[in-house]
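Novice: 3D, please:
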Amino acid sequence: MQGLYYPAVLGTGLVLILFRLTMHRSVTAALGDFALYFGLLFAFFFSISFLINQDTPIDQYGLGAFLCDVVEVLLVFGAYFCLGLFNTNQIVAPDLRSVYFITAIVVLVQNGWNFAAGFRLPSLLLLSLLSCAILLSAFFWGYPHLWANITTTAILYVLLAFYYRSIVA
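Specialist: Coordinates of the predicted model:
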């Protein structure tokens with residue numbers, strides 16, 4: 001995981017984000033692209049996962065944690081696809097509804113990974129449940145509304161900062 005999968009996903013994500021950024025005709029057009037915000041969110045989230053993975057003792061990294069990592073890698077690539085980042089010919093509008101759903105699953109899988117690797121903090125479970133509630137609310141009701149997408153994105157970045165502070169710092 002540490003030597004191949006995590007760097008591959010992070011590298012691919014960063015290349016896709018940078019490629020998407022260069023496809024925009026102006027900075028203001030790029031600022032309105034939710035695919036970039038979510039792509040960066042996944043890059044930050046996956047970077048935190050990578051840091052946690054590297055600091056996990058080998059005896060705590062078992063089959064459960066490995067399987068969670070494999071599922072998370074597949075989900076993140078699925079999210080990049082739903083964001084339209086794999087289309088390098090034109091800018092495709094992201095399917096935010098699918099992205100919200102996939103992100104909720106990623107949060108649950110990461111929580112399972114934390115549990116499997118020995119990080120059994122009640123604050124992490126609470127943070128995961130709060131994140132999933134927000135994501136599922138956006139999935140069911142918020143995705144068609146610009147204000148809801150902006151609010152959801154901002155909240156997710158704040159929750160990611162809390163996650164980082166809880167587990168890495």
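Novice: what sits against residue 36?
Specialist: 17, 20, 21, 30 (CB atoms under 8 Å, 6 or more residues apart in numbering). The C-beta positions use only the backbone N, C-alpha and C, and glycine is treated the same way.
Novice: surely residue 46 meets residue 6?
Specialist: Yes - look at residue 46 against residue 6 with CB atoms under 8 Å: they come within range, at 7.1 Å.
Novice: low-confidence bits of this protein, can you list those?
Specialist: Applying pLDDT under 70 to the chain flags residues 1-3, 169.
Novice: related to what we said a few turns ago, out of the contacts of residue 36, flag the one nearest to residue 110.
Specialist: residue 17 (20.2 Å; CB to CB).
Novice: and the closest residue to the closest one other than its chain neighbours, what does it touch?
Specialist: With CB to CB, 6 or more residues apart in numbering as the criterion, residue 17 has its nearest non-adjacent residue at 4.3 Å, and that residue is residue 39. By CB under 8 Å, 6+ apart, the residues touching residue 39 are 13, 16, 17, 20, 80, 83, 85.
Novice: can you pull the buried residues of the helix or strand hosting the fifth one?
Specialist: When secondary structure is defined using DSSP states H and E, the element that contains residue 80 is helix 63-82. By 16 or more other CB atoms under 10 Å, the buried positions in helix 63-82 come out as 65, 68-69, 71-73, 75-82.
Novice: list the contacts of that helix.
Specialist: With CB under 8 Å, 6+ apart, helix 63-82 has contacts from 1, 5-6, 9, 12-13, 16, 38-39, 42, 46, 49, 53, 56, 86, 94-95, 98-99, 102-103, 105-106, 109-110, 112-113, 116-117.
Novice: can you name the element that comes right after that helix?
Specialist: Following helix 63-82 toward the C-terminus (DSSP H and E): helix 96-116.
Novice: relative to helix 63-82, how tilted is that next one?
Specialist: 170 degrees (axes from the mean of the first three to the mean of the last three CA atoms, to 10 degrees).
Novice: residue 134: which of the buried residues of helix 63-82 is nearest?
Specialist: For the buried residues of helix 63-82, the residue nearest residue 134 by CB to CB is residue 79; the value is 16.0 Å.
Novice: thinking again about what came up before, just the CA trace of the helix holding residue 80, in PDB.
Specialist: The C-alpha coordinates for helix 63-82 follow below in PDB (Å, rounded to 0.1, in the frame of the first residue of the first chain):
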ATOM      1  CA  LEU A  63      -6.100  -8.000   6.400                       C
ATOM      2  CA  GLY A  64      -9.000  -5.800   7.500                       C
ATOM      3  CA  ALA A  65      -7.000  -2.600   7.100                       C
ATOM      4  CA  PHE A  66      -5.600  -3.800   3.700                       C
ATOM      5  CA  LEU A  67      -9.100  -4.600   2.400                       C
ATOM      6  CA  CYS A  68     -10.300  -1.200   3.500                       C
ATOM      7  CA  ASP A  69      -7.400   0.400   1.700                       C
ATOM      8  CA  VAL A  70      -8.200  -1.500  -1.500                       C
ATOM      9  CA  VAL A  71     -11.800  -0.400  -1.400                       C
ATOM     10  CA  GLU A  72     -10.800   3.200  -0.600                       C
ATOM     11  CA  VAL A  73      -8.500   3.300  -3.600                       C
ATOM     12  CA  LEU A  74     -11.300   2.000  -5.900                       C
ATOM     13  CA  LEU A  75     -13.800   4.500  -4.400                       C
ATOM     14  CA  VAL A  76     -11.400   7.500  -4.800                       C
ATOM     15  CA  PHE A  77     -10.900   6.600  -8.500                       C
ATOM     16  CA  GLY A  78     -14.600   6.300  -8.800                       C
ATOM     17  CA  ALA A  79     -15.000   9.700  -7.300                       C
ATOM     18  CA  TYR A  80     -12.500  11.200  -9.800                       C
ATOM     19  CA  PHE A  81     -14.400   9.600 -12.600                       C
ATOM     20  CA  CYS A  82     -17.700  11.100 -11.300                       C
END
